[in-house]
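A.B. asks: What would the 3D arrangement of this be:
(2 chains)
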Amino acid sequence: MPNKIIAVLEQREGKLKRFAFEAVTVAVKLADELKLEKEAVVVGNEIENINEIGNYGLSRITHLKSDKLADYSSTGYAEVIANYINEADADFLLLANTALGKDLAPFLAVKTDAGLIVDAVNLDTSTGELIATRPVYAGKALIDVKFKTPKKVLTIRPNIFKAVPLNGVTPEVIVKEVNPSNLKSRVTAFKKSEGKLDVAEADIIVSGGRGMKGPENFHLVEKLAEALGAAVGASRAVVDAGWRPHREQVGQTGKTVSPSLYIACGISGAIQHLAGMSSAKYIVAINKDKEAPIFNIADYGIVGDVFEIIPALTEEIKKIKS
Amino acid sequence: MNIAVCVSHVPDTAAKIKISSDNKSIDRSGVTYIINPYDEFAVEEALKWKENAGGDSKVIVFSVGDEANKETIKKALAMGVDEGVLIKAENSLDSAGIAEALTGELKPNNFDVILCGKQSVDFDDSAVPQMVAELLGYSCVSVVVDLKFEGNKIIAEREIEGGREVVELEMPAVIGAQKGLNEPRYASLKGIMAAKKKTITEKPAAGYENRTEIVKMKKPPEKQPGRILGTDAFAAAELVRLLREEAKVI
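C.D. replies: Below is the predicted model of the structure:
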């Protein structure tokens, strides 16, 4: 039986990321259901909002501190975390399935001889054993999967398990100076992309497809996204045509997303696209073709001209936001 | 330079997925299989590295699976890879099992660089490149959209939320390719003919073990089609009202 779960939290530029708190919430819940001890660990140099984990019910966090690890290094992070896990005698690690979590989890799984389950969207402990549900084939199917190993590494899909504030506690923060020996791979710079929000992180996404007719018309999508505080997404067709950058692509060879709201503009809904976004909580489709497959999964649809409807929608949004 | 590229054999992204009667895997009948799309970027990058390095550089392609994987290996050979190795194993391996099966064959070759797709579009774990690197003691960077080679160092750009990380890493290394890294070449007729003469060595997989177990595979709950609110701009106000009052998402 597992005895201790550790949430491995992500910081960037000295701040715990939003999804770190989702990991804390899930770790607290699993600890409760599986009768485990619980704590968190974070790697970095200075971290300003570390105490906030107390708002989500976790009372102990170890900060593995080194100025060499202010930015991500897969080798360095994996080394110091694996050392700490051994010392803390933990057998269950939980991470958010972000770019960093996805990268780090497999290293930790090999280093600790653990099984790895990634991208969980549901966790069931009702049988006393953890069964994780996760999408495969970009969401065309789901699997229920369990660990065969005593040691476990689990990542959870962002935006699925909401961070739940509990009665606040002031966490005990243990700062441990570490000195990584393996920096064979390390981040030396970050190039911020022009777009304001990334589809992988956004709670609302406004996507455009071939129905937008050309790259010059995407300002309409951008304006609607801006009014909503949303990220701009794109279908594979428009990315392959060079209208939009690949980082915006939603679907099987792009990003699989689970926002609260997904607005598809001029997207017909090819199977690869639907696979990547059908787990959005609410889907809106705007398309001229009433037979477009996107309407089969949309909660709300408008059958009409994107060039007329998107600006009208942007105006309506601005009205309620002002 | 000694270069390896690892490829997986996956259902076409346009394929509909049906669950097999064992309720633990997909029904493969009638499904077209292709080389994993991200692996095409890895193959292209491997061939570019070979061309740049010149001399007696060689690229070997590895794939874990059954006879059917030879199709995908042949695709890589037709693009210009020199040799193929099929590591024979059942189709139900998890990432740990695949990484171990691969490592068994990769290790004795002492490759300078191992290229893979950042993930396979079947189980989407995004874990095999990192696991192979850790098992071999190589450095690793994945989701790579730009790659340069400077001295004994690799400078890679990897896609993360909101931008790109510039990553410096030492050789030997495992690289996970992301779409956008390059434009994969088409196999020419000459390439396809030449591929027929290239060797595919078959090896039984050894020293591997799954660390997870699929209890059940199922279709996601079907979404019911919702409401069509209208056909013109007047529907916009109603949509905003519903998103605010009914869905409560704005």
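A.B. asks: residues contacting the closest residue to B:Asp232 other than its chain neighbours?
C.D. replies: Excluding the flanking residues, the one nearest B:Asp232 by Cβ to Cβ, 6 or more residues apart in numbering or on different chains is A:Gly304, at 5.4 Å. Heads up, the C-betas are built off the backbone N, CA and C, glycines and all. Shown in contact with A:Gly304 (Cβ atoms under 8 Å, 6 or more residues apart in numbering or on different chains): A:Ile286, A:Lys288, B:Gly230, B:Thr231, B:Asp232, B:Ala233, B:Ala235.
A.B. asks: name the element the first one belongs to?
C.D. replies: Using DSSP states H and E, A:Ile286 sits within strand A:282-287.
A.B. asks: For the helix or strand just after that strand, name the packing helices and strands.
C.D. replies: Moving toward the C-terminus from strand A:282-287, the next helix or strand (DSSP H and E) is helix A:294-297. With contacts defined as 3 or more Cβ pairs under 8 Å, 6 or more residues apart in numbering or on different chains; DSSP states H and E, the secondary structure elements packing on helix A:294-297 are helix A:271-277, strand A:282-287, strand A:300-303.
A.B. asks: Reformat these as JSON lines; add mean pLDDT and mean neighbour count.
C.D. replies: Listed next are the helices and strands packed on helix A:294-297 as JSON lines, based on pLDDT from 0 to 100; neighbours: other Cβ atoms under 10 Å in any protein chain shown:
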{"stretch": "helix A:271-277", "mean pLDDT": "94", "mean neighbour count": "25"}
{"stretch": "strand A:282-287", "mean pLDDT": "98", "mean neighbour count": "26"}
{"stretch": "strand A:300-303", "mean pLDDT": "98", "mean neighbour count": "25"}
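A.B. asks: Throw those into CSV and include distance to chain B, thanks.
C.D. replies: Output for the helices and strands packed on helix A:294-297, formatted as CSV (distance: least, Cβ to the nearest Cβ, whole Å):
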stretch, distance to chain B
helix A:271-277, 5
strand A:282-287, 5
strand A:300-303, 5
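A.B. asks: Reformat those as TSV; add distance to A:Ile205.
C.D. replies: Formatted as TSV, those follow (distance: least, Cβ to Cβ, whole Å):
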stretch	distance to A:Ile205
helix A:271-277	8
strand A:282-287	10
strand A:300-303	15
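A.B. asks: Which of these sits closest to B:Val61?
C.D. replies: The closest of the helices and strands packed on helix A:294-297 to B:Val61 is helix A:271-277. By Cβ to Cβ, the value is 25.2 Å.
A.B. asks: Can you name the residues in contact with that closest one?
C.D. replies: With contact meaning Cβ under 8 Å, 6+ apart, helix A:271-277 is reached by A:137-140, A:205, A:207, A:209, A:233, A:235-236, A:250-257, A:262, A:264, A:267, A:283, A:293-294, A:297, B:13-16.
A.B. asks: Which other helices and strands does the lengthiest helix in chain B contact?
C.D. replies: In chain B, ranked by residue count with DSSP state H as the criterion, the top helix is helix B:37-53. For helix B:37-53, the packing partners by 3+ Cβ pairs under 8 Å, 6+ apart come out as strand B:2-6, strand B:58-65, helix B:69-79, strand B:113-117, strand B:139-150, strand B:173-177.
A.B. asks: tell me the angle of it relative to strand B:2-6?
C.D. replies: Comparing the axes of helix B:37-53 and strand B:2-6 via axes from the mean of the first three to the mean of the last three Cα atoms, to 10 degrees yields an angle of 170 degrees.
A.B. asks: buried set for helix B:37-53?
C.D. replies: For helix B:37-53, burial by neighbour count (16 or more other Cβ atoms under 10 Å in any protein chain shown) applies to B:37-50, B:53.
A.B. asks: What mean pLDDT does it get?
C.D. replies: Confidence for helix B:37-53, expressed as mean pLDDT, is 97.
A.B. asks: Now do the same contact list for residue 98.
C.D. replies: Going with chain A. A:Glu10, A:Lys17, A:Phe19, A:Pro158, A:Ala200, B:Ile160, B:Glu161.
A.B. asks: not what I meant, chain B
C.D. replies: Taking Cβ under 8 Å, 6+ apart, we find B:Ile98 in contact with B:Ser8, B:Val64, B:Val128, B:Tyr208.
A.B. asks: Can you list which of those residues are found in strands?
C.D. replies: Judged by DSSP state E, strands contain the following of those: B:Val64.
A.B. asks: Excluding chain neighbours, what is closest to the residue of chain B positioned farthest from its centre?
C.D. replies: Distance from the C-alpha centroid of chain B peaks at B:Phe234, with 45.6 Å (Cα atoms, centre = their mean). Leaving aside its sequence neighbours, B:Phe234 sits nearest to A:Ala312 (Cβ to Cβ, 6+ apart; 8.0 Å).
A.B. asks: mind checking the SS state of that neighbour?
C.D. replies: helix (DSSP: H, G, I helix; E, B strand; the rest coil).
A.B. asks: I'd guessed it sits against B:Ala233; true?
C.D. replies: Yes: with contact defined as Cβ atoms under 8 Å, A:Ala312 counts as touching B:Ala233 (3.7 Å).
A.B. asks: re earlier: most neighbours of all the contacts of A:Gly304, which one?
C.D. replies: Counting neighbours by other Cβ atoms under 10 Å in any protein chain shown, the top entry in the contacts of A:Gly304 is A:Ile286, with 31 neighbours.
A.B. asks: Contact partners for that one?
C.D. replies: Counting by Cβ under 8 Å, 6+ apart, A:Ile286 touches A:Ile263, A:Ala264, A:Cys265, A:Gly266, A:Gly301, A:Ile302, A:Gly304, A:Val306, A:Ile309, A:Ile310, A:Leu313.
A.B. asks: same thing with A:Thr127?
C.D. replies: Residues counted as contacts of A:Thr127 (Cβ under 8 Å, 6+ apart): none.
A.B. asks: same deal with B:Asn36?
C.D. replies: B:Asn36 is in contact with B:Val7, B:Ser8, B:His9, B:Val10, B:Thr72, B:Gly117, B:Ser120, B:Val121, B:Asp122, counting by Cβ under 8 Å, 6+ apart.
A.B. asks: hang on, the last one in a helix?
C.D. replies: No: the assignment for B:Asp122 (three-state DSSP) gives coil, which keeps it out of a helix.
A.B. asks: Just confirm it contacts A:Pro135, I think it does.
C.D. replies: No: with contacts counted by Cβ under 8 Å, B:Asp122 stays clear of A:Pro135, the gap being 11.6 Å.
A.B. asks: Look at those two and report which has more neighbours.
C.D. replies: A:Pro135 (23 against 20).
A.B. asks: Please write out the alpha-carbon positions of stretch B:147-164 in PDB.
C.D. replies: These are the backbone C-alpha positions of stretch B:147-164, laid out as PDB (Å, rounded to 0.1, in the frame of the first residue of the first chain):
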ATOM      1  CA  LEU B 147      17.500  22.300 -33.700                       C
ATOM      2  CA  LYS B 148      21.100  23.500 -34.200                       C
ATOM      3  CA  PHE B 149      24.300  21.700 -33.700                       C
ATOM      4  CA  GLU B 150      27.200  23.700 -32.200                       C
ATOM      5  CA  GLY B 151      30.500  21.900 -31.400                       C
ATOM      6  CA  ASN B 152      29.500  19.100 -29.000                       C
ATOM      7  CA  LYS B 153      26.300  20.900 -28.000                       C
ATOM      8  CA  ILE B 154      22.800  20.900 -29.300                       C
ATOM      9  CA  ILE B 155      20.800  24.100 -29.100                       C
ATOM     10  CA  ALA B 156      17.100  23.300 -29.400                       C
ATOM     11  CA  GLU B 157      13.900  25.300 -29.100                       C
ATOM     12  CA  ARG B 158      11.000  23.500 -27.500                       C
ATOM     13  CA  GLU B 159       7.400  24.500 -27.500                       C
ATOM     14  CA  ILE B 160       5.900  25.200 -24.100                       C
ATOM     15  CA  GLU B 161       2.800  27.200 -23.000                       C
ATOM     16  CA  GLY B 162       3.100  30.800 -24.200                       C
ATOM     17  CA  GLY B 163       6.400  30.500 -26.100                       C
ATOM     18  CA  ARG B 164       9.600  28.500 -26.700                       C
END
